[in-house]
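Build me a structure from this.
(3 chains)
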Amino acid sequence: MFDFLQQIAAALRIPASFVIIEFIGTMAFAVSGIRLASSKRFDWFGALIVGMATAVGGGTIRDLMLGVSPFWLTNKIYIICCIVSLLWVVIFGKVLIHQKNTWFIFDTVGLALFNVIGIEKTLQMGFPLWTAITMGCITGAAGGVIRDILINEVPLIFRKEIYAMACIAGGVVYVTCYKAFGMSAELNALFSSMVVIAVRVLAVKYQWHLPVLKGDESKDEEG
Amino acid sequence: MFDFLQQIAAALRIPASFVIIEFIGTMAFAVSGIRLASSKRFDWFGALIVGMATAVGGGTIRDLMLGVSPFWLTNKIYIICCIVSLLWVVIFGKVLIHQKNTWFIFDTVGLALFNVIGIEKTLQMGFPLWTAITMGCITGAAGGVIRDILINEVPLIFRKEIYAMACIAGGVVYVTCYKAFGMSAELNALFSSMVVIAVRVLAVKYQWHLPVLKGDESKDEEG
Amino acid sequence: MFDFLQQIAAALRIPASFVIIEFIGTMAFAVSGIRLASSKRFDWFGALIVGMATAVGGGTIRDLMLGVSPFWLTNKIYIICCIVSLLWVVIFGKVLIHQKNTWFIFDTVGLALFNVIGIEKTLQMGFPLWTAITMGCITGAAGGVIRDILINEVPLIFRKEIYAMACIAGGVVYVTCYKAFGMSAELNALFSSMVVIAVRVLAVKYQWHLPVLKGDESKDEEG
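Purely as a prediction, here's the structure:
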């Protein structure tokens, strides 16, 4: 089992301990998608697709933009994580509400890790620092946007949640520590992840919101 | 005419007989998109775009993920098929309902062929077997998802239809015959296509449905 | 300042005068997205993302299809244009309605330029003439489609506006002048841009509409 994790870790160029966190994060994202799909009365297949889109959608958009094959095409573990998540929701559907805090923590830890993975992958390919921050944010938050498009809702992160901003905060910390202090990748990953987690937890606890944009309410112009 | 078909067939590395089926399938997919667009009172251009997205959208996503240029960018025949489909709906709009069974057959045969094309293209590029099954399913079913997003509806295949599952059944049969029995590509294409067609026809005839996912109906968690 | 513009112009292989027009067009597109987001009560971050999707979404889809990295990943000026647009809407929100005609002109000029950029980039990569017209149209019009998907509305250009058709008209003129008359890129850009602007302005002035597709109104078929 440990060999298996180390091989994946080596292939992904991340520390072995990250692999377990990545699976947990993938499942937390998938569960979020599957639960929203279930509230729309999707069938099992539809729920699985929404779960997968939530879990791997952000990384897929990042990889397409960076010009590489989506990461989950060559490693079936991600689809397996999503199928396990579907079974979990099928089995624990009624009591999932009691696991709410656990899944919130998993989801937040996953967000932090996805952000770091996106940043490091982008930097390794030689893109500028601000592109890395952007790609970290896309890796963490775009899956939720695709999920909301698939269930035909206005994306939640555009209206309510400090979710993408937590990624951007973590990303700014990462590139600052990387460029200004030459911090090692491992330490930097840990440190910027803690920033993401802290911002997200505090935002939920104290109900932080970004200001709502008040427009002119007219719709007579089009572009 | 036959030379022309053979050239396309050679370029696509598929038997010449497949090319005609591919055009029929493309038109059947486009007609499905154009008809749904018409029910939303789209103009001709909007209907054409929805038709094209339905017909070539799945293959486009597959090609982007595989890292190659979308197949329809270098061969104008696909756009021509979609324009012919638009004219067909414009001319036969009122009586199209009487052609229902014909278009259902065309659509199902197209689905089966698109699935095989997706599988073979993915295998030729050296991806794993399960990736090929996934890409076959995306080639066949993702166009309909894009169509439903464009007309602002919840994607139908997530709730009602045994459509993607037919692709997956055909895909499993294909890779099994390919790997376990070393079946030739031509025979395998025919055989797995028949599986897709059979599953889809039986699913509609006997109203097969996947189980609907019953969730906790709560929406208080977000990820 | 002029050196800076010339460097960007050289990098983008377009005349220096185009760069200023490109920024104005980018901001006009972003403002259109941000204003629609504000009518949906998005927060600042959501509005910025919708603005960016409107401004760079079409070029991103074009670049992904052509197999190159999205143009805005290596030049932060586009994100800066979108942030400036957000600040503009925040500051001038109440009186933006009085700037309506100005933004309409900026938006139309931007559309014309985006169309030309898409056409020239596609031709430079060796694709056929009709692919260049298609890519010009995608560069100009697809951002608005992504915008409407993100705010969960049926894309406006599919029902109301002569927007994509203006691009296609300009594209046909461009490739004709390029192929038949060997017109220089600079002159051709100017000439085809004037066609796009003329078609769009006349379409709005005289309320040109494409015919609405009248279908059979039935939804009993699926593909």
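
count of neighbours near residue A:175?
As a burial measure, residue A:175 scores 20 neighbours (other C-beta atoms under 10 Å in any protein chain shown). The C-beta positions use only the backbone N, C-alpha and C, and glycine is treated the same way.

Check the gap between it and residue A:121 for me.
Counting by C-beta to C-beta, to the nearest Å, the gap from residue A:175 to residue A:121 is 14 Å.

just residue A:189 next, same as before
Residue A:189 is 12 Å from residue A:121, by C-beta to C-beta.

Same question for residue A:184.
17 Å.

higher neighbour count, the two?
Each of residue A:184 and residue A:121 has its neighbours counted (other C-beta under 10 Å); residue A:121 has more, 23 against 11.

Need the residue closest to the centroid of chain A.
Residue closest to the average C-alpha location in chain A (C-alpha atoms, centre = their mean): residue A:140, at 3.0 Å.

how about it, secondary structure?
helix (DSSP: H, G, I helix; E, B strand; the rest coil).

Quick check: it touching residue A:119?
No: with contact defined as C-beta atoms under 8 Å, residue A:140 does not reach residue A:119; the gap is 9.9 Å.

How about the contacts made by the residue nearest to the centre of chain A?
Residue A:140 makes contacts with A:58, A:111, A:112, A:114, A:115, A:118, A:163, A:164, A:167, A:196, as judged by C-beta atoms under 8 Å, 6 or more residues apart in numbering or on different chains.

Just give the number of residues close to the fifth one.
Residue A:115 has 32 neighbours, counted by other C-beta under 10 Å.

Which residues are in contact with it?
A:136, A:137, A:139, A:140, A:167, A:170, A:171, A:192, A:193, A:196.

Using CSV, please lay out these together with pLDDT.
Shown next, in CSV, are the contacts of residue A:115 (pLDDT from 0 to 100):
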residue, pLDDT
A:136, 97
A:137, 96
A:139, 96
A:140, 95
A:167, 95
A:170, 96
A:171, 97
A:192, 94
A:193, 94
A:196, 96
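
which one of those is nearest chain B?
residue A:140 (10.4 Å; C-beta to the nearest C-beta).

mind showing which ranges of chain A have poor pLDDT?
Low-confidence segments of chain A, defined by pLDDT under 70: A:1-17, A:215-223.

Now residue A:212. Its backbone dihedrals?
phi -80, psi 140 (degrees, to the nearest 10).

check contacts around it.
A:159, C:41, C:42, C:43, C:44 are the contacts of residue A:212 under C-beta under 8 Å, 6+ apart.

taking these one by one, which sit in helices?
Members of the contacts of residue A:212 lying in helices (criterion: DSSP state H): residue C:44.

Let me know the closest of the contacts of residue A:212 to chain B.
The nearest member of those to chain B, counting by C-beta to the nearest C-beta, is residue A:159 at 11.0 Å.

Touching, the closest one and residue C:45? I think so.
No: judged on C-beta under 8 Å, residue A:159 makes no contact with residue C:45 at a distance of 9.6 Å.

Who has more neighbours out of the two?
Legend: neighbour count by other C-beta under 10 Å for residue A:159 and residue C:45, higher for residue C:45 (23 against 17).

Please, where are all the helices along chain A?
Shown for chain A, the helices assigned by DSSP H span residues A:2-12, A:16-39, A:44-66, A:77-92, A:100-124, A:129-150, A:164-180, A:185-205.

want to try CSV for the ones you listed, with distance to residue B:125 as columns?
Below are these laid out as CSV (distance: least, C-beta to C-beta, whole Å):
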stretch, distance to residue B:125
helix A:2-12, 19
helix A:16-39, 25
helix A:44-66, 16
helix A:77-92, 19
helix A:100-124, 22
helix A:129-150, 25
helix A:164-180, 32
helix A:185-205, 31
